[in-house]
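Participant: Pasted the sequence and its predicted model underneath.
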Amino acid sequence: MKSKNGWVLLVMLLSGIVLGGFLGMLTTNVTGLSWLNYGESFGLESPIVMDLGLLVLTFGLRIHISIASIIGVVLAILIYRKL
């Protein structure tokens, strides 16, 4: 039995999240499919800024999880299992 690469799974999961989120965003104004964009956002409200004098670093993270992105993750896992 051949082992599967973890990096392939990570890339497929990220692709599922991005494509699902994109499809959810596209269906926002479609009457029967607007529920796909329903979700929740979480993360930092304002970025954290670290001023080091010579260098200024800004850290921020905001994640929006929608039903379409969850469906994309499930499809990515199913496709990965078939590989």
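Facilitator: That came through, no problem.

Participant: Which of the residues in the longest helix along the chain are classified as buried?
Facilitator: Longest among the helix segments of the chain by residue count, using DSSP state H, is helix 6-26. Neighbour-count burial for helix 6-26 flags 12, 16-17, 19-21, 23-24 (criterion: 16 or more other C-beta atoms under 10 Å). C-beta: built from backbone N, CA, C; applies to glycine.

Participant: and what of stretch 67-76?
Facilitator: When burial is assessed from 16+ other C-beta under 10 Å, stretch 67-76 yields the following buried residues: 68-73, 76.

Participant: These in helices, which ones?
Facilitator: Helix and strand membership here follows DSSP H; of the buried residues of stretch 67-76, those in helices are 68-73, 76.

Participant: Redo the residues you listed as TSV? Include pLDDT.
Facilitator: Written out in TSV, the entries for those read as follows (pLDDT from 0 to 100):
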residue	pLDDT
Ala68	94
Ser69	94
Ile70	94
Ile71	94
Gly72	94
Val73	94
Ala76	93
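
Participant: Dump the residues you listed into CSV; add distance to Tyr38 as well.
Facilitator: As requested, those are arranged in CSV below (distance: C-beta to C-beta, whole Å):
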residue, distance to Tyr38
Ala68, 9
Ser69, 11
Ile70, 10
Ile71, 12
Gly72, 14
Val73, 16
Ala76, 20
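
Participant: which residue is nearest the middle of this structure?
Facilitator: The residue lying closest to the centre of the chain (C-alpha atoms, centre = their mean) is Ile17, at 3.6 Å.

Participant: That residue and Asp51: what is the separation?
Facilitator: Taking C-beta to C-beta, to the nearest Å as the criterion, Ile17 is separated from Asp51 by 33 Å.

Participant: Perfect, that will be all.
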